[in-house]
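Asks: Pasting the sequence and the predicted coordinates here, then a few questions.
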Amino acid sequence: MLSALAFGLLLLGQESQATLQSCVLEAEGWVCRYRVPDTIYRPMTDQEAAASPPQSAPLLAAPAEAPPAEPATIASEPAGEPSDPEAARQARLIRRCADASWISLCTPGDRREAKALQDAAEARAALRLEVTTLAAQDQCDDAVRVALEGGDLSLAREIRAFCAAEK
C-alpha cells in the first residue's frame, strides 16, 4: 500500500497523471484501480551517480575482506568513486538510501544495509581520527595499540610505517 502511494506521488509531479478507473470495497478495505500512463524509470548509471552531488557527506565503505591498498593505488583513484566495484556499490547505496526520505525508491533491506554500512564507515572514521591524533602527538605505540584494539590492521600498518618514517 505504501509503495503504491509513493508511486502515485511520484506520478503527480509528471505531465500526465494517473486516472481513477474504479474503487471497490473489499474485505481488506477500499481497493482503487488507476490507469497509469506509460512511464519509464531507469536506474542511475555510475556516471550519473558520480555527477550528481551527494545528499550528505558519505563516508566510503570498504569491504571487510579487502586487502590493504598501497599508497600509489590510493593516489591514482579518482576523487569520486573507488575502483573496487563492491566498494563503489556500497558508496552508492549509502548515498542513495542511508538518509533517504520515505518517498525514495529504496527497499527496507537497502535502507538497513545502507544504515549499517554508514555506521561502520563512521566508526572507522572515528577510529582513524583517534589514531592519527595520537600519532600527531608522537604517541606512536599508543596509536598502533588503539588501531589494533579497534580491529583495523591496515590502519595499524599505516601508522607503524608512518612512525618508522618519522624516526
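Replies: Cool, the structure landed.
Asks: What are the buried residues along the longest helix along the chain?
Replies: Longest helix in the chain, counting residues (DSSP state H): helix 108-136. Buried residues in helix 108-136, counted by 16 or more other Cβ atoms under 10 Å: 110-111, 113-114, 117-118, 120-121, 124, 127-128, 131-132, 134-135. Any C-beta I mention is one placed from the backbone N, CA and C, and that applies to glycine too.
Asks: Which of the three states applies to Trp30?
Replies: Using DSSP: H, G, I helix; E, B strand; the rest coil, the structure places Trp30 in strand.
Asks: Dig out what the nearest residue to it once chain neighbours are set aside forms beta bridges with.
Replies: In this structure, Trp30 finds its nearest non-sequential neighbour in Cys23, 5.7 Å apart by Cβ to Cβ, 6 or more residues apart in numbering. Note on Cys23: beta-bridge partners Cys32, judged by DSSP bridges.
Asks: so how many other residues sit close to the spatially closest residue to Gln118 that is not a sequence neighbour?
Replies: What sits nearest to Gln118 in space, not counting adjacent residues and going by Cβ to Cβ, 6+ apart, is Ala98, at 4.3 Å. Neighbourhood size, Ala98 [other Cβ atoms under 10 Å]: 23.
Asks: separation between Ala98 and Asp119?
Replies: Ala98 sits 9 Å away from Asp119, going by Cβ to Cβ, to the nearest Å.
Asks: Quick one: residues contacting the nearest residue to Ser22 once chain neighbours are set aside.
Replies: Residue nearest to Ser22 in three dimensions, not counting chain neighbours: Arg33, with 5.3 Å by Cβ to Cβ, 6+ apart. With contact taken as Cβ atoms under 8 Å, 6 or more residues apart in numbering, Arg33 is in contact with 20-23.
Asks: Many thanks, have a good one.
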